[in-house]
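Engineer: I need the structure of the sequence given here:
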Amino acid sequence: MEVDLHVTNRCNLKCKHCVYTSGEWEMPDMTLDTVKNLIPSFKKLGVKEVHITGGEPLVNREFFDIAKCLHENGFGTRVQTNGILITPEIAKKLKESGIEYVLISIDGLEKAHNSFRNNDKSFAYAVNAVKICLEAGLYTRVNTVINRSNVQDLPELIKFINTLKPDQHSFFYLTPVGRGKNIKDLMLSLEEWKDIEKIVEKAGRENNCIEKIRLQNVIKDKENDKKCRDDNCLILANGDVYHCVFFIYSPYKLGNIYNEDLYELWTKNINNILEETSNERISEKKCNKQEQNCKCNCSGLAYNLTGSVKACDPRCNPKENLIPSCIRTYIKMK
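Structural biologist: A predicted model of the protein is given here:
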């Protein structure tokens, strides 16, 4: 199991696509004592990795103590950051506290990235952060959210990012959750995503970096037929627990760590939540385009696009073999 641990929802940016509406949805920062109390549950649940995120996790004053605590208890640790607070000194502390790798977002070339992030210096900060983390010997991954405002950047972006020599470059689908709902017109159709697959692969091969590229698998196929996961736990800074990011504004909450032990609330509620939300368990679900259930694999996205987990994802087009998939899988590129 892996845990997405949100140690804050404060942020020094206000990104247009932020799932967590960071900086607006106020909640207290998670404390070191809270994380210490979670350790026994993590171990009983078989947690292997903890993804420390936010908000901007580095604004939490106890961040390095939290990271060290998780590392010393045997959990693999990574951190997602926008890069603004990364300096050589911070990178050194990240390594010393046991962070195994760093994820830094670069969502297009300078103009597109800065617009997406609502900050005209954010691109420079992010690029500098990648360089600093690599120099510090940290495994560094660049994340890019693909949308209609940066599609034209992709070939040059892949070429540019490759000059930075990150360990990995991952591409993600824009999801209509949080502030992302305000820009869902920038979300790509499944037909458009098929073109994205070709663009990314072509640029990756031309720049001899195809082995470093990971692209979210948005379209269902037999090899990547991923069912709703029961091995991913998301804990918000306010203590709310979910099994999937797409349900954080829904009634499908497992509980709250400040009211109940994490192990107890997870083992007691996960099967019931999956019964209510997993596409493969919703027998009465019907496809918009055909009579039978097409079994499009993301009831979470369907919920955010339609308001119901029992509705078919509007992007679904079974006649063209374009059926939405769980986006927590990746296309293999070699």
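
Engineer: average pLDDT for stretch 137-152?
Structural biologist: Averaged across stretch 137-152, pLDDT comes to 97.

Engineer: how about that stretch: buried residues?
Structural biologist: By 16 or more other CB atoms under 10 Å, the buried positions in stretch 137-152 come out as 138, 140-147, 149-151. In this view, the C-beta of every residue, glycine as well, is placed from N, C-alpha and C.

Engineer: again, but for stretch 102-115
Structural biologist: 102-110, 112-115.

Engineer: quickly name whichever of those is closest to Phe160.
Structural biologist: Leu109 (7.0 Å; CB to CB).

Engineer: which residues does the closest one contact?
Structural biologist: Going by CB atoms under 8 Å, 6 or more residues apart in numbering, Leu109 touches 123, 150, 153, 156-157, 160.

Engineer: now the helices: where do they sit in the stretch 101-250 of the chain?
Structural biologist: 110-117, 122-135, 154-164, 190-206 (DSSP state H, counting those that start in this stretch).

Engineer: give me the contact list for the first one.
Structural biologist: Helix 110-117 has contacts (CB under 8 Å, 6+ apart) with 13, 15-17, 82, 106-108, 120-124, 126, 145, 147, 149-150, 153.

Engineer: in three-state terms, label Thr21 for me.
Structural biologist: coil (DSSP: H, G, I helix; E, B strand; the rest coil).

Engineer: let me know the pLDDT of it.
Structural biologist: On the pLDDT scale, Thr21 gets 95.

Engineer: that one: how many residues sit nearby?
Structural biologist: Thr21: 20 surrounding residues under other CB atoms under 10 Å.

Engineer: list the contacts for Lys16?
Structural biologist: 115-118, 179-180, 182-183.

Engineer: one more time with 7 Å, if that's ok
Structural biologist: 116, 118, 179, 183 (CB atoms under 7 Å, 6 or more residues apart in numbering).

Engineer: which two in these are spaced the farthest apart?
Structural biologist: Asn118 and Ile183 (11.8 Å).
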